[in-house]
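Participant: only geometry, no sequence info:
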Ligand SMILES: Cc1cc2nc3c(=O)[nH]c(=O)nc-3n(C[C@H](O)[C@H](O)[C@H](O)COP(=O)(O)O)c2cc1C
């Protein structure tokens with residue numbers, strides 16, 4: 001697959017085909033590509049926790065309980081994002097949690113690069129992904145559960161086989177280059 005095509009056609013996947021499960025081998029391959037992302041001083045600040053099967057279900061139960069317990073602290077929009085994100089993650093095969101183990105000033109940039117690299121590789125493998133920042137709602141619980149205490153939870157990435165609905169799905173509109181860039185020459 002051409003890289004340009006993958007960049008333009010990758011979509012946030014919220015609809016999956018549950019008849020096919022993503023394997024550990026496929027997830028390992030995605031993560032291997034993620035490790036080839038650039039990072040400040042080659043610090044490679046990313047760490048991953050890969051949740052499949054019952055472990056994925058347990059993760060989602062914790063997320064949902066946390067959201068319900070703290071419902072009164074959220075705006076309606078926040079509450080909807082949390083519940084919608086949990087529902088979307090449930091539909092896929094696996095969740096990859098991405099942690100920052102270095103917490104330096106370049107870490108967020110490096111980790112963003114790793115996540116996008118992983119997602120483009122997944123797309124190339126015929127898989128759908130969803131980048132979910134909303135998992136931070138239960139970050140402390142997850143750090144304990146997955147032995148990542150002292151690290152910062154950056155995001156969760158849902159992974160699965162996309163449903164037919166995702167084929168050719170248009171993305172939300174983008175600003176034009178003229179709206180986002182200024183050229184000096
Ligand atoms: C940093 C970041 C955080 C995101 N967090 C969430 C999230 O918590 N829940 C969700 O459903 N989608 C989330 N998304 C997906 C965006 O909504 C999506 O990328 C955007 O609407 C553009 O759509 P596209 O990915 O199909 O091009 C996130 C994306 C990024 C890059």
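Facilitator: Arrived safely. Just so we're clear, the structure is a prediction, and the values are computed from it rather than from any experiment. Numbers count the residues shown, from 1 in each chain.
Participant: from now on I want contacts and neighbour counts done on CA atoms only, so please keep to that.
Facilitator: Noted.
Participant: strands of this protein, start to end?
Facilitator: Residue ranges of the strands in the chain, as given by DSSP state E, are 46-52, 94-100, 128-132, 152-160.
Participant: contact partners of the second one?
Facilitator: By that I understand strand 94-100. 22, 45-53, 56, 89, 107-108, 111, 115, 148, 151-160 (C-alpha atoms under 8 Å, 6 or more residues apart in numbering).
Participant: cool, and the first one?
Facilitator: Residues from elsewhere that reach strand 46-52, judged by C-alpha under 8 Å, 6+ apart: 59, 93-101, 110-111, 114, 146.
Participant: top of those by neighbour count?
Facilitator: residue 95 (30 neighbours; other C-alpha atoms under 10 Å).
Participant: how about the nearest residue to that residue, chain neighbours excluded?
Facilitator: Excluding its sequence neighbours, the residue lying closest to residue 95 (C-alpha to C-alpha, 6 or more residues apart in numbering) is residue 158, at 4.5 Å.
Participant: quick one, what contacts that neighbour?
Facilitator: Counting by C-alpha under 8 Å, 6+ apart, residue 158 touches 88, 89, 92, 93, 94, 95, 96, 129, 130, 131, 132.
Participant: which among the contacts of strand 94-100 end up buried?
Facilitator: 22, 45-52, 56, 89, 107-108, 111, 115, 148, 151-160 (16 or more other C-alpha atoms under 10 Å).
Participant: for the residue nearest to the spatial centre of the chain, give its distance to the ligand.
Facilitator: Per C-alpha atoms, centre = their mean, the C-alpha nearest to the average position across the chain is that of residue 157, at 2.2 Å. Per C-alpha to the nearest ligand atom, to the nearest Å, residue 157 is found 9 Å from the ligand.
Participant: same question for residue 141.
Facilitator: 18 Å.
Participant: cool, residue 80 as well?
Facilitator: Look at residue 80 and the ligand: by C-alpha to the nearest ligand atom, they are 10 Å apart.
Participant: quick check: pLDDT value at that residue.
Facilitator: We have a pLDDT of 98 for residue 80.
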